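1. pasting the sequence and the predicted model now:
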Amino acid sequence: MSDITPRVFSGVQPTGNLHLGNYLGAIRKFVALQESHDCIYCVVDLHSITAQLVHEDLPGQTRSITAAFLAAGIDPKRHIVFNQSRVSAHAELAWIFNCVARIGWMNRMTQFKDKAGKDRENASLGLLAYPSLMAADILAYRATHVPVGDDQKQHLELTRDIAAKFNNDFAQKIAEAGLSTPIPMGEGQTVEGYFPMTEPLIEGPATRVMSLKDGSKKMSKSDPSDLSRINLTDDADAIARKVKKAKTDPDALPSEVAGLAGRPEADNLVGIFAALAERSKAEVLTDFGGRAFSEFKPALADLAVQVLSPITGEMRRLLDDPGHIDAVLKDGGERAGAIAAKTMADVKQIVGFLG
Ligand code: AQP
């Protein structure tokens, strides 16, 4: 018997400046979950080399994401903060999951199709196998809950598919090793297995923050236009300029949420306001319905500055002391490594690897 403890895991890639989508869709939830769960938060540097191999300053980006975690309110003493490459179990388990997962599963991933673009044959093998490494990140800790933005939903489903196939393919070996435990499958059902069916936590008004320049594209670190996103490191002037230049339509804001249908840019800006103010879109429209964007945008910019500037200030302070950030990552890596080592020992026994 090998009990599963409720545990949260999530990661962020050190691929550029964090933006409002990363904050509202992920990091703010990370902070809230600390009150109810044991949490492990990871800067996923192994993932960062899948789309682009050589980075100008990967150590600096890794420290910057760590500083954002801490500045937003993640407590690295009560919980765990580390960078992925420190714990070799991630890569080891990913290899086993590469052999569990099917190529067809990976080929269906929309993020792979988007990131590989037209020239799929030329994408790295790592980009194709990205979801298998993500499953290993989560399952190395047998994490039960993963807070993410909506774009990661498909990868979380694949994590469950990998866990289910492993549990099924190795059912007899898991039982023989005495490592079998009841796995909740929803609606009160359980099956015997080793890995949990991890639940994604995707909720709230900002699960998919869209580009400020195109309401049909998600806000992304890798968008070539800096005007498409609000970075956590932007100062008040930059935020005001970007919000002012954000694409909108000529109509005034509607008084009800139904009036946002077919108006993706208006919907996005109202959603961002609602998330920053921790109110519903309906409440925001009660205040701003009938008003022009020329009135709404300055209020949105002020609110974004009010929420983000304390985080930005604290990030700057933390980044002045890289030694402290490195110490946090080292300590977190040691504690994460101890948990993952136990999983790897179990998995090696189940698969039949000696040693
Ligand atoms: N636009 C978004 N709205 C809400 N949540 C978002 N996330 C990303 N973009 C949005 C969530 O942020 C977490 C960390 O994301 P990531 O850095 O690991 O990778 P990503 O999803 O690929 O984010 P980006 O910004 O688009 O990076 P690049 O451009 O490097 O690919 C995840 O929980 C994600 O859901």
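-> That came through, no problem.
2. so where's the stretch 101-250 of the chain uncertain?
-> Across the stretch 101-250 of the chain, nothing is flagged by pLDDT under 70.
3. try it again at 80.
-> 205 (pLDDT under 80).
4. give me the phi and psi angles of the residue sitting nearest the centre point of the chain.
-> Centroid-nearest residue in the chain: Val148, 4.3 Å away (criterion: C-alpha atoms, centre = their mean). For Val148, the backbone dihedrals are phi -150, psi 170 (criterion: degrees, to the nearest 10).
5. can you count the residues close to the closest residue to the ligand within the stretch 101-250 of the chain?
-> Residue nearest to the ligand within the stretch 101-250 of the chain: Gly149 (2.4 Å; C-beta to the nearest ligand atom). Any C-beta I mention is one placed from the backbone N, CA and C, and that applies to glycine too. For Gly149, the count of nearby residues is 20 (other C-beta atoms under 10 Å).
6. same thing with Gly259?
-> 17.
7. how about the residues of the protein near the ligand?
-> Within the chain, the positions lying close to the ligand (C-beta under 6 Å from any ligand atom) are 12-13, 15, 21-22, 25-26, 148-149, 151-152, 206-209, 218-222.
8. just to revisit the earlier point, for the residue nearest to the residue of the stretch 101-250 of the chain closest to the ligand when sequence neighbours are not counted, what are its contacts?
-> Closest residue to Gly149 apart from its sequence neighbours, by C-beta to C-beta, 6 or more residues apart in numbering: Gly25 at 3.2 Å. Taking C-beta atoms under 8 Å, 6 or more residues apart in numbering, we find Gly25 in contact with 148-150, 206-209.
9. likewise for Gly313?
-> Ala71.
10. model confidence score at it, please.
-> Turning to Gly313, the model gives it a pLDDT of 95.
11. next one: Gly16
-> At Gly16, pLDDT is 85.
12. from Val243, how far off is it?
-> According to C-beta to C-beta, to the nearest Å, Gly16 stands 20 Å off from Val243.
13. these two: who's more crowded?
-> Val243 (23 against 19).
14. I figured Val100 was touching Phe166, is that so?
-> Yes - using C-beta atoms under 8 Å, Val100 is in contact with Phe166, at 5.2 Å.
15. which one's more surrounded, the two?
-> Phe166 (24 against 19).
16. sticking with Ile183, tell me its helix or strand.
-> Assigned by DSSP states H and E, Ile183 belongs to strand 181-186.
17. residues in contact with that strand: which ones?
-> 1-4, 167, 190-197.
18. residues of that strand that come out buried?
-> Neighbour-count burial for strand 181-186 flags 181, 183 (criterion: 16 or more other C-beta atoms under 10 Å).
19. next, the buried residues of the very next helix or strand once past it.
-> Using DSSP H and E, the next helix or strand after strand 181-186 towards the C-terminus is strand 189-193. Residues Gly193 are the ones in strand 189-193 that count as buried (16+ other C-beta under 10 Å).
20. and the chain, what are its domains?
-> Listed domain ranges for the chain are 7-205+321-351, 226-318 (source: automatic domain parsing).
21. mind putting those domains in a markdown table, distance to Lys213 included?
-> Below are the domains of the chain laid out as a markdown table (distance: least, C-beta to C-beta, whole Å):
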| stretch | distance to Lys213 |
| --- | --- |
| domain 7-205+321-351 | 13 |
| domain 226-318 | 5 |
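22. so which of the ones you listed gets nearest Asp214?
-> domain 226-318 (6.7 Å; C-beta to C-beta).
23. tell me how far the ends of the closest one are from each other?
-> Terminal residues of domain 226-318 lie 24 Å apart, using C-alpha to C-alpha, to the nearest Å.
24. same question for stretch 256-268.
-> 14 Å.
25. cool, stretch 277-293 as well?
-> 18 Å.
26. mind listing what's buried in it?
-> 277, 281, 284-285, 288-289, 293.
27. and the helices in the stretch 101-250 of the chain?
-> 103-107, 110-116, 125-139, 153-169, 171-176, 236-245 (DSSP state H, counting those that start in this stretch).
28. can you redo the buried residues of stretch 277-293 as CSV with secondary structure?
-> Output for the buried residues of stretch 277-293, formatted as CSV (DSSP: H, G, I helix; E, B strand; the rest coil):
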residue, secondary structure
Ala277, helix
Lys281, helix
Val284, helix
Leu285, helix
Phe288, helix
Gly289, coil
Phe293, helix
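29. check the spatially closest residue to Thr248 that is not a sequence neighbour and give its pLDDT.
-> Take Thr248 and drop its neighbours on the chain: the residue closest to it by C-beta to C-beta, 6+ apart is Phe293, 4.6 Å away. We have a pLDDT of 97 for Phe293.
30. average pLDDT for stretch 53-63?
-> Here the average pLDDT along stretch 53-63 is 96.
31. same question but for stretch 255-275, I mixed them up
-> In the prediction, stretch 255-275 has an average pLDDT of 97.
32. for that stretch, measure first residue to last.
-> Start-to-end, stretch 255-275 (C-alpha to C-alpha) is 18 Å.
33. same question for stretch 118-127.
-> Stretch 118-127: ends 14 Å apart by C-alpha to C-alpha.
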